[in-house]
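Colleague: here you go, sequence then predicted model.
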Amino acid sequence: VTDVDYYLHGEEIFSREVYAFALQALRALKVKYILIDILFEQIREKDPLIALRMNEVPTFIAYKFVSHFPSAQELGKEYGVDTASLKRQLDAIPSEEEIRQKIASLLDTIENLKEQRDTLLQEARLKEWAVIDRLVKKTEIILSLTAEAYLQHKYQIPFPEPSQTQKSIGEPFEAHTVILPNGLFLINARGFGFINVEKGSQEIVRSIPLVFGYKGKLYPNLDLVFLCDYYGVDPRDIKVVFGKYIEFKPNRHYFGTKRIPIDEHGNFLINFRQGESFLAQGTALHQLFHYAKYKDKYKSGIKPEEFKDAFIIFGENNIGGTDTQPIPLQPGFPMIGVHANVIDNILKDDYVKLLPSLPSGLIVVVFGLLLGLMFASVDYRKATIVSAVIIVLYFLTSIMLFNKYSLAIPIVKPLGTILFAYLFLILYTIAIAEEERRQVRRVFLKTVSPEIGEEILRQYDNEAIWGSKRMVTIMFADIRGFTSWSEQLTPERTVELVNTFYDIVSGIIFSHGGQINKFIGDEVMALFGAPIQKEDAEVQAILTAVEIQRAAQRLNNERIVAEFGKPMHLGIGVNTGEVVVGTVGGKQTRIEYTALGDSVNIAARLQKLAQPEQILIGKLTYERARQTNELLFKQKNIAFAHHPEVMLKGKQITVDVYEVLYDSRQPGDIRSGVF
């Protein structure tokens with residue numbers, strides 16, 4: 001060969017002489033074994049040269065099982081081949097060598113017949129040509145059947161017998177027929193094996209069958225045939241236990257028993273260690289030819305020391321062709337890379353260890369229970385963060401265990417369980433929360449303004465809304481002399497009077513951003529600055545008290561005196577202080593948002609000290625209100641009078657009290673007695 005480019009055009013090879021030259025170049029580089037992942041079905045002109053090179057370096061070639069293809073027996077009927085009789089004759093051949101000799105004899109016969117056929121065609125003796133052509137096809141069918149007999153004689157493995165503990169012997173892939181390489185390669189190769197790849201449901205090559213079923217027997221694939229030769233083992237002596245392993249005892253290069261894990265179909269799960277980086281390690285034909293022609297004269301990328309005693313896998317790498325398939329590490333990977341990974345895994349005993357079904361199931365159950373407990377005990381937003389962290393940690397753990405120990409823990413089911421449980425629990429939590437919100441709307445929001453109500457719903461999951469310590473202003477308003485009212489009025493009229501009182505105060509409290517905490521008979525309690533904090537809570541509380549007193553006066557003039565015979569007067573107390581605010585009764589029962597603390601009690605005592613139409617406030621309320629907006633009080637004609645050293649019930653010391661003077665009122669006396 002003088003010009004390599006003549007034989008190469010892109011990735012397609014036009015002449016088999018290229019393969020012969022490649023084998024010659026590899027022999028010169030002193031490689032130890034060659035595996036060829038290419039189907040050489042047809043006989044071509046340069047095949048004897050390739051066969052000669054195969055004898056110089058131990059070479060293993062490929063064949064393929066197929067499910068939808070006419071067998072040699074079916075074609076034999078068309079050409080008058082008595083396949084049953086031929087099979088008996090082939091079965092009677094006692095040795096491998098005799099079958100090889102028969103194949104060689106048939107090859108010579110075919111070659112002679114083809115020469116006669118070509119001569120007859122040149123002489124235009126078409127009838128005789130047709131007879132010889134039919135004889136060629138008949139002899140080729142006989143050769144195909146003989147080659148199949150050679151395969152059976154050399155490599156067939158009996159099916160394992162079912163044991164007492166193993167009900168099924170396995171479900172290997174089954175073939176209808178076999179496509180073998182041409183007979184010349186078959187008898188000159190060191191060995192041959194099938195190269196079928198069965199992809200999974202996701203159309204990704206994750207595993208490769210090491211044995212295939214054909215006519216009631218098992219046959220080893222190309223990688224297993226090569227490894228048996230390397231370890232000095234007859235492939236017919238290996239033990240196959242489906243769902244467990246392929247077992248044999250090497251006679252060289254290994255101590256002990258070799259066990260290769262397989263599934264119930266005979267598939268070997270490939271432990272892919274390299275993806276894209278593998279491609280950079282390969283050598284293209286033009287590099288090999290360049291080195292063979294020029295050696296070190298011109299740079300070719302070939303390092304001879306890397307080839308010495310190496311195992312060479314020879315194959316095509318056509319992107320988009322059947323020799324390039326997706327693997328878990330990348331979408332396009334050459335099948336020679338799959339063979340390399342399989343051989344490397346088995347040589348190093350670097351197998352993927354699958355977690356047994358029981359621990360795998362427990363992982364799924366544990367994740368489901370864990371997620372349920374989290375959502376039951378913590379806020380769903382925290383549970384979401386924890387779930388995300390668990391997913392990431394589990395995924396990273398699975399990568400670490402696989403890279404370091406080749407242990408494959410289940411990923412899809414546990415992560416699927418987490419996601420499914422998360423979605424279910426989120427929907428459940430949302431449903432519960434919505435029911436709670438509806439309960440809040442039915443009960444709680446009746447006591448607050450729409451503005452505050454919407455804010456509460458927006459911050460519904462904020463714990464501070466439902467229980468916290470904060471600065472709050474509390475107002476109590478009460479009808480003075482209500483006992484005498486109720487004695488003079490019928491029950492219906494008494495309820496009407498109370499409802500009138502409620503109507504007065506409710507709208508005014510809401511308009512100033514207050515929250516009605518509770519109605520207690522003829523008394524109302526309101527909060528300012530809770531549950532929604534307000535900077536001017538004290539100012540709004542004072543303005544609310546003044547407006548309520550003014551509204552009561554107007555109502556007395558308009559209808560109360562006329563309808564009930566006497567005016568309705570109110571006493572109001574306001575105080576500011578740090579209290580505990582939150583729900584009482586729980587979200588699922590009676591919802592009541594209230595304030596608890598000494599400042600609440602002081603506000604109630606101030607209300608009891610107030611005379612009719614009087615408003616009494618605590619010292620802190622006075623100071624904070626004046627500091628916040630003193631100008632506003634002047635504009636609204638509101639002033640303050642100081643009542644020092646007032647004794648309140650339950651207090652060991654006196655307190656300062658301030659009276660709110662509205663509408664030019666003069667300071668009045670505080671009610672006598674200790675309240």
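Modeller: Yep, it's here.
Colleague: okay, now the closest residue to residue 543 other than its chain neighbours: neighbour count?
Modeller: Distances taken as CB to CB, 6 or more residues apart in numbering put residue 512 closest to residue 543, at 5.9 Å, once the chain neighbours are dropped. For glycine as for every other residue, the C-beta is placed from the backbone atoms N, C-alpha and C. Residue 512 is flanked by 23 other residues according to other CB atoms under 10 Å.
Colleague: check contacts around the residue nearest the centre of the chain.
Modeller: Closest residue to the average C-alpha location of the chain: residue 415 at 5.1 Å, with CA atoms, centre = their mean. When contacts are counted by CB atoms under 8 Å, 6 or more residues apart in numbering, residue 415 touches 391, 394, 395.
Colleague: give me the phi and psi for the last one.
Modeller: Torsion angles at residue 395 (phi, psi; degrees, to the nearest 10) stand at phi -60, psi -40.
Colleague: ok, now which ones touch it?
Modeller: 411, 415.
Colleague: tell me the spacing between it and residue 389.
Modeller: Separation of residue 395 from residue 389 (CB to CB, to the nearest Å) stands at 11 Å.
Colleague: on that earlier part again, the residue nearest to residue 543 reaches residue 538, doesn't it?
Modeller: No: between residue 512 and residue 538 there is no contact under CB atoms under 8 Å: 11.3 Å.
Colleague: joint contacts of these two?
Modeller: In contact with both residue 512 and residue 538: residue 528, using CB under 8 Å, 6+ apart.
Colleague: return the residues in contact with residue 537.
Modeller: Counting by CB under 8 Å, 6+ apart, the residues that residue 537 touches are 471, 472, 473, 513, 528, 529, 576.
Colleague: if we can go back for a sec, wait, a helix at the residue nearest to the centre of the chain?
Modeller: Yes: Residue 415: assigned to a helix according to DSSP: H, G, I helix; E, B strand; the rest coil.
Colleague: so for it, what pLDDT did the model give?
Modeller: On the pLDDT scale, residue 415 is placed at 70.
Colleague: what's the answer for the one 10 residues further on, then?
Modeller: If you check residue 425, the pLDDT there is 67.
Colleague: let me see the backbone angles for the closest residue to residue 529 other than its chain neighbours.
Modeller: Nearest-residue entry for residue 529: residue 537, 3.4 Å, with adjacent residues in sequence omitted and distances by CB to CB, 6+ apart. Here is the backbone geometry of residue 537 (degrees, to the nearest 10): phi -60, psi -40.
Colleague: for residue 628, see how far away residue 537 is.
Modeller: 9 Å.
Colleague: so residue 315 sits against residue 34, correct?
Modeller: No: between residue 315 and residue 34 there is no contact under CB under 8 Å: 10.9 Å.
Colleague: neighbour count winner among the two?
Modeller: The residue with more neighbours, out of residue 315 and residue 34, is residue 34; 25 against 20, by other CB under 10 Å.
Colleague: picking up where we left off before, need the contacts of residue 415 in TSV (columns: distance to residue 188 and pLDDT).
Modeller: Below are the contacts of residue 415 laid out as TSV (distance: CB to CB, whole Å; pLDDT from 0 to 100):
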residue	distance to residue 188	pLDDT
391	56	77
394	53	78
395	51	80
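Colleague: can you name the element that comes right after the host helix or strand of residue 475?
Modeller: Here residue 475 sits within strand 467-479, counting by DSSP states H and E. The first helix or strand that comes after strand 467-479 along the chain, using DSSP H and E, is helix 482-488.
Colleague: for the protein, which strand is longest?
Modeller: strand 570-584 (DSSP state E).
Colleague: buried set for it?
Modeller: For strand 570-584, a neighbour-count test (16 or more other CB atoms under 10 Å) marks 570, 571, 572, 573, 574, 575, 576, 577, 579, 581, 582, 583 as buried.
Colleague: quick one, helices of the stretch 551-675 of the chain?
Modeller: 561-564, 598-609, 619-635 (DSSP state H, counting those that start in this stretch).
Colleague: using PDB, write out every CA atom in the first one.
Modeller: What follows is the C-alpha trace of helix 561-564 in PDB, where atoms were taken according to Å, rounded to 0.1, in the frame of the first residue of the first chain:
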ATOM      1  CA  VAL A 561     -83.300  60.200  74.800                       C
ATOM      2  CA  ALA A 562     -86.500  60.200  72.800                       C
ATOM      3  CA  GLU A 563     -86.700  56.400  72.600                       C
ATOM      4  CA  PHE A 564     -85.300  55.300  75.900                       C
END
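Colleague: pLDDT on that helix, on average?
Modeller: Computed over helix 561-564, the mean pLDDT rounds to 83.
Colleague: need the contact partners of that helix.
Modeller: By CB under 8 Å, 6+ apart, helix 561-564 touches 485, 489, 493, 497, 567.
Colleague: quick check: the fourth one touching residue 485?
Modeller: Right, the one you point to is residue 497. Yes: if you go by CB under 8 Å, residue 497 and residue 485 touch, sitting 6.4 Å apart.
Colleague: which residues do those two both contact?
Modeller: In contact with both residue 497 and residue 485: 479, 564, 568, using CB under 8 Å, 6+ apart.
Colleague: could you find the closest non-adjacent residue to residue 126?
Modeller: The nearest residue in space to residue 126 (CB to CB, 6+ apart) is residue 120, at 7.7 Å.
Colleague: give the buried residues for the helix or strand that the one you found is a member of.
Modeller: Taking DSSP H and E as the criterion, residue 120 maps to helix 96-122. Within helix 96-122, the residues that count as buried by 16+ other CB under 10 Å are 99, 100, 102, 103, 106, 107, 109, 110, 113, 116, 117, 120.
Colleague: returning to that earlier point: the residue nearest to the centre of the chain and residue 359: what is the separation?
Modeller: Residue 415 is 16 Å from residue 359, by CB to CB.
Colleague: cool, and residue 551?
Modeller: In terms of CB to CB, residue 551 sits 74 Å off from residue 359.
Colleague: settle it for me: which of these two has more neighbours?
Modeller: The neighbour count for residue 551 versus residue 359, taken as other CB under 10 Å, is higher for residue 551 (16 against 11).
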